[in-house]
Each structure stands twice: as C-alpha cells, then as structure tokens.
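S.K.: what's the 3D shape of this:
(one chain, ligands or ions: 2)
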Amino acid sequence: MKIGVIGGGQLGRMLALAGTPLGMKFVFLDPAHDACAATLGEHIHADYHDHEHLRQLADQVDMVTFEFESVPADTVAFLSQFVPVYPCAESLRIARDRLLEKNLFRSLQIPVAPFAPVDSQTDLEQAVASIGLPAVLKTRTLGYDGKGQKVLRETADVGQAFAELGSVPCILEAFVEFSGEVSLIAVRSRDGISNFYPLVHNTHSNGILRVSIASHQHPLQSLAEQYTAAVLDHLNYVGVMAFEFFEIDGGLKANEIAPRVHNSGHWTIEGAECSQFENHLRAITGLPLGSTAKLGESAMINFIGSVPAISGLAAIADCHVHDYGKAFKEGRKVGHATVRSADSETLRRRLAEIEALMVADK
Ligand SMILES: Nc1ncnc2c1ncn2[C@@H]1O[C@H](COP(=O)(O)OP(=O)(O)OP(=O)(O)O)[C@@H](O)[C@H]1O
Ligand SMILES: [Mg+2]
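M.R.: Ligands and ions are numbered 1, 2, ... in the order given. Got it, this is the predicted structure:
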C-alpha cells in the first residue's frame, strides 16, 4: 500500500513512522526543500497548486491524505479525480474555514461562544457592539498556532484590528473565560465505526500548545464523544479528527476541529494501545481500527525553537523523545517528548524534570 501525503512536516513524518511497520510506503508532496518527513519516503518537491506534480503523486499512490487543513480546495478537487482522498473534500472545506466550522457546530446543536462574520472594519464595529469585549478576531482561514488572531480587550484595540490581520475575511468570537482546554482525538473508519481516545487536557502559551495530559476518566468524556460523533457522522468522515473544546461551567464549548492527526494526540504513540497515526492509516486503508485504550498515565510536552540535550532527556525514566530534525526557528515546534508513569504524581515529577532541562538550555 502506497500513501500520498500532502505536506511533509512532523505529522507526515510520524504517519510514516507508524505505517512503515505495517508495510506501507509514503510519498510526500511539499514545497519545502527541508521537509522533515522526506527521509521516510519519497519527496515530490512541488507547490500545492502544481497540477503536473499532483498528477504525478496521484499516479503512484493508492490514496492521498493530508497533514494540514489549509490545503487549497482546488488541490483536493484535482486529486479526487484520480485517487481516493481521505478525509473527503467537504471535511477539509469546512475545517479550513472557521466560519463554516462554527456554523456547522451550531447546526448540530454543539454549543459555541457567540460569533459573527467580519468582512470589513464596519462589520467589526457592529460585531463588537453585539458580542461585546473581550473578544477574539480571527482570520477565517490559514490560522495555526495562534497566528492570524488578535484578542480585543478594550475599544482602543478595535480600530486597527481588521487591518492588522490583513483586511481578509475574519470571524469575531466572544472571549471564553474557560476553566480549561480539552481535546478529543477520534478516528472513524470507512464503514462508519468511530473510536475515541481519552480526553486530553491542553495548556497553551502565546497561542501555541505546550503540554497535553491524557485524562483519567474525565467527567466530560461522553459529552465530548457525543459532539464529535455528530460532526464525524455528518461529514461521513474517514480518518483521525481532533476536536478542541473550552471547558466552562462544567460543560463544553466547541473551539475548532482539525481534520487530521493532531499535536494533542502525540502522546498516543507511547501512551495508547494503537497510536493516532496508526489508527489514521488503518481508517483510510480500510483496516479494522486499533484500540484507543491508554496505557497508564501520559503527558506530552512540546519543544518550541530547540530540543533540549538528548543526554538529559534520556536520563529521565519513561521519557520518549521525538526530535523532528527541523532547523531552529523562533516559535517553531521542533520536537516533543512523552512521559509515562503508572501514577499521576510521578508523571508530574517527570514532566517537571523535562521542563527544568528546557529552562537550563535557554
Ligand atoms: N474565543 C476564545 N476565547 C478564549 N481563548 C481563545 C479563544 N479562541 C482561541 N483562544 C485561545 O487561543 C488558542 C488558539 O486558538 P485556536 O485554537 O482558535 O487557533 P489555532 O491557531 O488554530 O491554534 P492551534 O493550531 O494551536 O490549534 C486556543 O487554544 C485558546 O487558548
Ligand atoms: Mg486550536
């Protein structure tokens, strides 16, 4: 089985690391010369709009999948003529646009914070008048790691906000005073069976995910599964999807979905029976899904900018290091580690040991 992956970053790399033992081969299409997945398969070095190279990809693989959601709609439509594409074009169309996504949640009775489309400064002023402040202005498309968004706290922040985000179509959302952020990683097979991993508690700073801790029987697990199943079934989704929620007043408000394997699911590589990466590949290739049960306690910590010295990390018990082999860049995710333990106290201590190494390296 040969899988084409649009994008050759760390998610593509971890897909290949999971699929290679199953006998799968990978071809990545990515415009970057230094795409970090390239060493694990073939690399078609081309732009996402380049039909000649997209055709070359389609001609040599059994199916195509994606490692990011900002794939141009035209790319997906073009590929779909020649080869099965998972998840489907409609799933990507919705998930890449925050307004379509929020409208879908609302139509499926999934709670969301008040929001309004913003296509001009006048729209923004009207939206602020009805939603109030604080609020978050986000570009409808192409946002990631907190990029393409601005928190508006007071009236003075409103004046330049639309122009500062590039005067592109946006959405204004009420600022949610959440007590925590959780995500649910789900996988749906080609015959419509869905499995869910345990809810993950996520901590962000500067809009970037820092730490994910897999929960132990979270009280909101079944509610999160219910909301996620509604979206998966509506889209007839195939593959792994992540659903990010805000926890507020003992319930959940939907933030966003990611139509792909997700950073808050990296812990599943060592912390679950079958990882999100293997389960995504099982789903799209029509294999039975693997168990999503967790193995003890797990936490994942992202390395932003640089990876601490491997000698220090390797000395921490049950610490599993992933260095993506990416060049240093401020704010870039270049690796992660997952720590495991039988109990949550030891887990926190091991996490603190990793954090100490990150500080020492600065
Ligand atoms: N309406 C909101 N109220 C409060 N905080 C918010 C709101 N929207 C976003 N945030 C904060 O900003 C973070 C990033 O926002 P969001 O998930 O919408 O963007 P993103 O760029 O797609 O992020 P990522 O790529 O990390 O998933 C959220 O995890 C949350 O911490
Ligand atoms: Mg997010």
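
S.K.: Next one: the residue nearest the centre of the chain relative to residue 185, how far apart?
M.R.: Nearest residue to the geometric centre of the chain (Cα atoms, centre = their mean): residue 262, 3.3 Å. To residue 185, residue 262 is 6 Å away according to Cβ to Cβ, to the nearest Å. In short, each C-beta sits where N, CA and C put it, glycine included.

S.K.: what touches both of those two?
M.R.: Residues touching both residue 262 and residue 185 (Cβ atoms under 8 Å, 6 or more residues apart in numbering) are 240, 242, 276.

S.K.: from the residues you listed, which ones fall inside strands?
M.R.: In this view, the shared contacts of residue 262 and residue 185 that belong to strands under DSSP state E are 240, 242.

S.K.: What parts of the stretch 101-250 of the chain come near ligand 1?
M.R.: Contacts of the stretch 101-250 of the chain with ligand 1, taken as Cβ under 6 Å from any ligand atom, map to 113, 136, 143-147, 173, 175-176, 181, 204, 207, 209, 244.

S.K.: can we see that at 5 Å?
M.R.: Within the stretch 101-250 of the chain, the positions near ligand 1 by Cβ under 5 Å from any ligand atom are 136, 143-146, 173, 175-176, 204, 207.

S.K.: And those, which of them are buried?
M.R.: Buried subset of those (neighbour count, 16 or more other Cβ atoms under 10 Å): 136, 143, 146, 173, 176.

S.K.: in the stretch 101-250 of the chain, which spans are strands?
M.R.: Counting by DSSP state E, counting those that start in this stretch, one finds strands in the stretch 101-250 of the chain at the ranges 115-118, 135-139, 149-152, 170-174, 180-188, 194-196, 200-205, 208-214, 239-248.

S.K.: Parallel or antiparallel, which strands does the last one pair with?
M.R.: What it means is strand 239-248. In the sheet, strand 239-248 lines up against strand 180-188 (antiparallel), strand 251-258 (antiparallel) (DSSP bridges).

S.K.: Name the residues that touch the last one?
M.R.: Meaning strand 251-258. 69, 94-95, 98, 101-102, 105, 110-113, 176, 178, 181-182, 220, 223-224, 227, 231, 241-246.

S.K.: Show me how far it is from its chain's centre.
M.R.: 12 Å (Cα atoms, centre = their mean, to the nearest Å).

S.K.: now swap in stretch 317-333 and tell me
M.R.: 17 Å.

S.K.: For ligand 1, what's the nearest residue on the stretch 201-350 of the chain?
M.R.: residue 204 (4.2 Å; Cβ to the nearest ligand atom).

S.K.: wouldn't that residue be in contact with residue 145 here?
M.R.: No - judged on Cβ atoms under 8 Å, residue 204 makes no contact with residue 145 at a distance of 9.1 Å.

S.K.: can the helix or strand harbouring residue 17 be found next to ligand 1?
M.R.: Using DSSP states H and E, residue 17 sits in helix 10-19. No - Helix 10-19 lies out of reach of ligand 1 by Cβ under 5 Å from any ligand atom, never closer than 11.8 Å.

S.K.: So what does the nearest residue to residue 25 once chain neighbours are set aside look like in phi/psi?
M.R.: Nearest residue to residue 25, sequence neighbours excluded (Cβ to Cβ, 6 or more residues apart in numbering): residue 2, at 4.6 Å. Phi and psi for residue 2, reported as degrees, to the nearest 10, are phi -120, psi 130.
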